[in-house]
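Undergrad: Return a 3D structure for these sequence lines:
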Amino acid sequence: MEEILEAFEFIKSKGVLNPQVGIVLGTGLGNLATKIEAEVIIDYNEIPHFPVSTVESHHGRLIYGNLSGKKVLAMQGRFHYYEGYSAEEIVFPIRVMHQLGIQYLLISNAAGTVNPKFKKGSLMLIDDHINMIPDNPLRGKNFDELGPRFPDMSQPYSKELNEKLKAISMDLSITLHEGVYTPVAGPNLETRAEYRFLRLIGSDAVGMSTVPEVIAANHLGLPCCAISVLTDECDPDNLKPVSIEEILQIAGEAEKDLTSLYVELLKTI
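TA: Below is the predicted model:
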């Protein structure tokens, strides 16, 4: 709690005042930040106790400003379990943003599609998840100031926000699948047998992030939503090698639709 308050005080001292919405931008999805009329930009390495992103495609800075008439605070780059961070460290920025005053959390990620009906380059609205990261941000002593010891997870993604996103996607003629997301430890991609297993247990997409932040948001009582950009097709019977360069290229091409959805969503909340 002391570390959260120290980071909070530092960010506040830089002029970040009463942000309404927090945004987490995932792999290859940092360009939404260019739509923000930035007032304050802070590198992560300046902020006390903040982790530092080690992934090349993650810029590693907080951007505060105006987007669609709302004060937003965007993480341009997130943290992952595979970087060596604990789940508690991964969600530290979410807890700090909540302390700063955000009322909603919008999340994005790049993921592989396990559902053969979903094609790469399209988007998936996350309706539920199966957590396979072997850590939990709530493990250890519970701080009642943050939330209850045993938070409910029957509706981890805000039904209200999801319904709005589905309506917006129809208005904009954007394909928005809906499904179950499974995060794994990473950083390697999965084997054919692992993809078969993920499909068998009910996964529609697989990635390496997002769920720690969603667990922390639910603990805080913070409504959240998350959209995956589907960057590769994980068909175990026709599996081809995929490079991070290909994943980043497809994420970049699909990001315009993701940006459109979140820009319009902000107008309604």
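Undergrad: residue contacts, the nearest residue to Met208 once chain neighbours are set aside?
TA: Once flanking residues are discounted, Met208 sits nearest to Gly186: 3.7 Å by C-beta to C-beta, 6 or more residues apart in numbering. Yep, even glycine has a C-beta here, placed from its N, CA and C like the rest. Gly186 makes contact with His80, Tyr81, Tyr82, Met208, according to C-beta atoms under 8 Å, 6 or more residues apart in numbering.
Undergrad: all helices of the stretch 101-250 of the chain, in order?
TA: According to DSSP state H, counting those that start in this stretch, the stretch 101-250 of the chain carries its helices in the segments 159-171, 192-200, 211-220, 244-268.
Undergrad: who wins for proximity to Cys234 among those helices?
TA: Using C-beta to C-beta as the measure, helix 192-200 is the one of the helices of the stretch 101-250 of the chain that comes nearest Cys234, at 4.6 Å.
Undergrad: Return the set of buried residues in the closest one.
TA: Glu194, Tyr195, Phe197, Leu198, Arg199 (16 or more other C-beta atoms under 10 Å).
Undergrad: any idea how far the second one is from Phe118?
TA: So that's Tyr195. Distance of Tyr195 to Phe118, given as C-beta to C-beta, to the nearest Å: 13 Å.
Undergrad: do the last one as well
TA: When C-beta to C-beta is applied, the distance between Arg199 and Phe118 equals 12 Å.
Undergrad: tell me the centre residue of the protein?
TA: Nearest to the geometric centre of the chain sits Ile107, at 3.3 Å (C-alpha atoms, centre = their mean).
Undergrad: Disregarding residues adjacent in the polypeptide, which is nearest to that residue?
TA: Nearest to Ile107 is Ala226, by C-beta to C-beta, 6+ apart, at 3.9 Å.
Undergrad: quick one: least confident helix or strand in this structure?
TA: helix 244-268 (a mean of 90; mean pLDDT, DSSP states H and E).
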